[in-house]
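Trainee: This is a predicted model, with the sequence first.
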Amino acid sequence: MRRIEEFMTAGPQVIRPGLPLRDAAELMKESGVHHLPVLEGDDLVGMLTADDLRAYDECSELVRIRLRVEDVMIPMPYAVPGTAPLREVVEAMIKGRYSAAVVRSDGRVSGVFTLSDALRALGKFLDEFERTALRPTTEQALGVRSCDRDSAHRA
């Protein structure tokens, strides 16, 4: 069984709920991330996504200046332990239409598992499949048919 911690993005950038939304936008841009777990102390209280920020692009400058992370974050985001099975997390993300899961280990945020991480996992599985399942057997590589081998053993 493959665990989510094998495929997550470890050590994610995090943000505090009382910070201005523009600070979150700058952090996302500088870090090249689209998901920020929101922590109050060590407690996970929300998730801020790039989609959440885009929803406020059309607001006036005055409104955007006043908005805080806590005003637009997703409260109580989907969170899983690092030992959670990859399949279960992916199925829950599909069912719940989540773009990410916050990964917790030892009571702290240890990573984020996003749709991009899921696609990287899929790519890894496809590589493994192509190396093993599609590799010709020795008999195929030598052009020997199974029945030829069997009749050779009987002779």
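Mentor: Received, thanks.
Trainee: how about the helices in this structure?
Mentor: 21-31, 50-54, 61-66, 69-72, 86-96, 115-132, 138-142, 146-154 (DSSP state H).
Trainee: for those helices, which one sits closest to F7?
Mentor: helix 115-132 (4.4 Å; Cβ to Cβ). To be clear about C-beta, it is placed using only N, CA and C from the backbone, and glycine gets the same treatment.
Trainee: L36 against R16, yeah?
Mentor: No - checked against Cβ atoms under 8 Å, the pair L36 and R16 is beyond contact range at 10.0 Å.
Trainee: Deepest-packed of the helices of the chain, please.
Mentor: helix 69-72 (a mean of 18; mean count of other Cβ atoms under 10 Å).
Trainee: Return the distance of that one from the chain's centre.
Mentor: Put simply, helix 69-72 sits 22 Å off its chain's centre (Cα atoms, centre = their mean, to the nearest Å).
Trainee: Against which helices or strands is that helix packed?
Mentor: Counting contacts by 3 or more Cβ pairs under 8 Å, 6 or more residues apart in numbering; DSSP states H and E, helix 69-72 packs against helix 21-31, strand 35-40, strand 43-49.
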